[in-house]
Structures are given as structure tokens and as C-alpha cells.
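>>> sequence and computational prediction follow.
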Amino acid sequence: MSRPSATRALAVTVTLFLVCTAITAAGLLNGLDHDVASAVRRTTGHAADVALSLVAVTASVRVSLAWLALLVVATQLAGRRRRRALVLAVGFAVGSVIELLLKVAFDHPGPAGGSRSVFAFGVEQVGRGSFPSGHMIRGTTLALGTALVLGGGRRSLAVLLVVAVYVVELAWTRVYLNEHWASDVIGGFLLGAAAALTVAAVPRLSERARA
């Protein structure tokens, strides 16, 4: 992705996130949330609970921090893509802060009935709300961000396809495991994508500032 296109993509993604936040706060996605949750409940089963819980673990707080630390350390030791990895770390931190602020600010409870997740790593929910999904923010930020940090060359398309499959699977876990509404997932994806796109967009913006 070229830096000018990354800058435009970042601007569009941030705008969409703000729109999603506004319409979720207004309750305009409540119908969609309940329709999706009702449809998902008809597909549950123990084997799927285990498999999707494993996918969800990859975007838990502890695993995400380990993932990010490994990426930063690896780029520093290799002497390549150092700046990109550090920009991703900043984007990750900013996304986490925004998540916390929105969950405290919005009275947007998650689905009733408790989580179906097989694995428990402590309560990660903060505040009164479930918007946006923290798993989606972290998973999208790190998957797409890692591709942008390490990407380039002939394999870029294949890597982005893997990222897309992972993000879709992670999105499904949030609703399937009864931990988030569809609106939380959409918001988390958009915020995570915005955080990841800073890897490509920020250098371009800094170049313009120096010009």
C-alpha cells in the first residue's frame, strides 16, 4: 500500500468509526445486534465452542501484548522496520485508551446470558459498556499491523488474505461466544484497522510536515 493511499484509507476508516460510534450510541444498530445474536444461537456446539475460544485467545490482552513485544523486539534486533513497529505500538496503545474511554462513557451492556468461552483469563471487560470489542481492536491492529510492518514483495496479497480470514474468524468468535454484539465487533474492527493503518500513513504525514 502506498503512503498516499494509506493516508486516505486511514481518514476513511476513522470517519467510519466515528459514524459507527454515533449510531451505536443512538441505539440505531440494536435491531441488527439482536437479529445476528439470534441467528448465531442456532449454530452453537461444544466443538465450535472450543475451536473459537482458541481463536479468541490470540487476541486476549496477555497474548496481544506478547505478540506486540515480540514484533518490536524482532525488528529492533534485525535492524529493519524499526520505525514501523514502534508506530504500531503507539497505535495499539492509543486504540486501547480509546476502548477504555468509550466503555466507561457509554451505557451499552453486552449480551445477557454469560460468555460461552471455554477458556477464562480473568475479566477483561471494563466500564459499563461493551462497545467497542477489545478483542477486535487488538486482533485487527496486530494482524493487519504485522502485515504492514513486515509486508512488501510478491507475497503481500497472500498475507493480506490470511489477515482477512483471521479477522473474520475473530469477529465471529465475539458474537458466537456471546461476548459482544455485532455493533461492538464492527466498531472494534474499524478502530483496530485505523490503528494499524498508522504504520503506513504516519511516515507520509511526517514527510508532508517537513516539506
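Cool, got the structure.

>>> please report how far L65 lies from S96.
Distance, L65 to S96, by Cβ to Cβ, to the nearest Å: 10 Å. Placement of C-beta: from N, CA and C, glycine included.

>>> swap that for V36, sorry
According to Cβ to Cβ, V36 stands 25 Å off from S96.

>>> G114 too?
From G114 to S96 the distance is 25 Å (Cβ to Cβ).

>>> so between the two, which is more surrounded?
Neighbour comparison, G114 and S96: the larger count goes to S96, with 19 against 10 (by other Cβ atoms under 10 Å).

>>> how far does the longest helix seen in the chain sit from its chain's centre?
Across the chain, the helix with the greatest residue count (assigned by DSSP state H) is helix 182-210. From the chain centre to the centre of helix 182-210 is a distance of 11 Å (Cα atoms, centre = their mean, to the nearest Å).

>>> cool, and stretch 24-43?
Counting by Cα atoms, centre = their mean, stretch 24-43 comes out at 19 Å from the chain centroid.

>>> please save the CA atoms from it in CSV.
Output in CSV follows, covering the C-alpha atoms of stretch 24-43 (Å, rounded to 0.1, in the frame of the first residue of the first chain):
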residue,chain,number,x,y,z
THR,A,24,-24.4,2.7,18.1
ALA,A,25,-24.7,5.2,21.0
ALA,A,26,-28.1,6.3,19.5
GLY,A,27,-29.3,2.7,19.5
LEU,A,28,-29.8,2.5,15.8
LEU,A,29,-28.0,-0.8,15.5
ASN,A,30,-29.9,-2.6,18.2
GLY,A,31,-32.1,-4.4,15.7
LEU,A,32,-29.1,-5.7,13.8
ASP,A,33,-27.4,-6.8,17.0
HIS,A,34,-30.4,-8.9,18.2
ASP,A,35,-31.0,-10.4,14.8
VAL,A,36,-27.4,-11.5,14.5
ALA,A,37,-27.3,-12.9,18.0
SER,A,38,-30.5,-14.8,17.5
ALA,A,39,-29.1,-16.4,14.3
VAL,A,40,-25.8,-17.3,15.9
ARG,A,41,-27.5,-19.1,18.8
ARG,A,42,-28.9,-21.7,16.4
THR,A,43,-25.3,-22.7,15.4
